[in-house]
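Engineer: need coordinates for the following:
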Amino acid sequence: MAATVDIVIPVLNEEVAIPVCIEKLYAFIDQHPERDWRVVVADNGSSDRTTEIATELAAVYPKLSVSTLDQRGRGRALKKAWTESDADVRVYMDVDLSTDLQNIPALVNPIAAG
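Structural biologist: Reported below is the predicted structural model:
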């Protein structure tokens, strides 16, 4: 069975960036069916519509969930999302996807292989 991979996207007031991020991320996931990919938007205290928009996206994209935390802090958001995860591999990416998505398999594959 394919290893389950959670990609956590920590966000704070990213209502404009989150739809673009999710669209690009799912285009990548569609090209890599060898893994059981799940995406978690980890909102850490947004005061804009980030959580609402992420929840709307979760109704459209499979295996997309939203984790919310009232306290701000990327580390807190990641800790909450990773603690709640049962995935074989847990990674995170910034909402701007500044790390080239094509590098994810090179990171995930050795971890999934043990």
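Engineer: what is the burial count for Asp88?
Structural biologist: 17 (other CB atoms under 10 Å). For the C-beta atoms, the positions are set from N, CA and C on the backbone; glycine is no exception.
Engineer: ok, Asp30 next?
Structural biologist: Neighbour number of Asp30 under other CB under 10 Å is 9.
Engineer: check Gly75 too.
Structural biologist: 9.
Engineer: same check on Arg74?
Structural biologist: For Arg74, the neighbour count with other CB under 10 Å is 15.
Engineer: quick one: contacts for it?
Structural biologist: 10, 12, 44 (CB atoms under 8 Å, 6 or more residues apart in numbering).
Engineer: go again using 7 Å as the cut-off
Structural biologist: Arg74 sits next to 10, 44 when contact means CB atoms under 7 Å, 6 or more residues apart in numbering.
Engineer: pLDDT value on Ser65, please?
Structural biologist: pLDDT for Ser65: 97.
Engineer: not counting its neighbours along the chain, what's nearest it?
Structural biologist: Of all residues not flanking Ser65 in the chain, Val40 sits nearest, at 5.3 Å (CB to CB, 6 or more residues apart in numbering).
Engineer: which SSE is that neighbour in?
Structural biologist: Element membership for Val40, per DSSP states H and E: strand 36-44.
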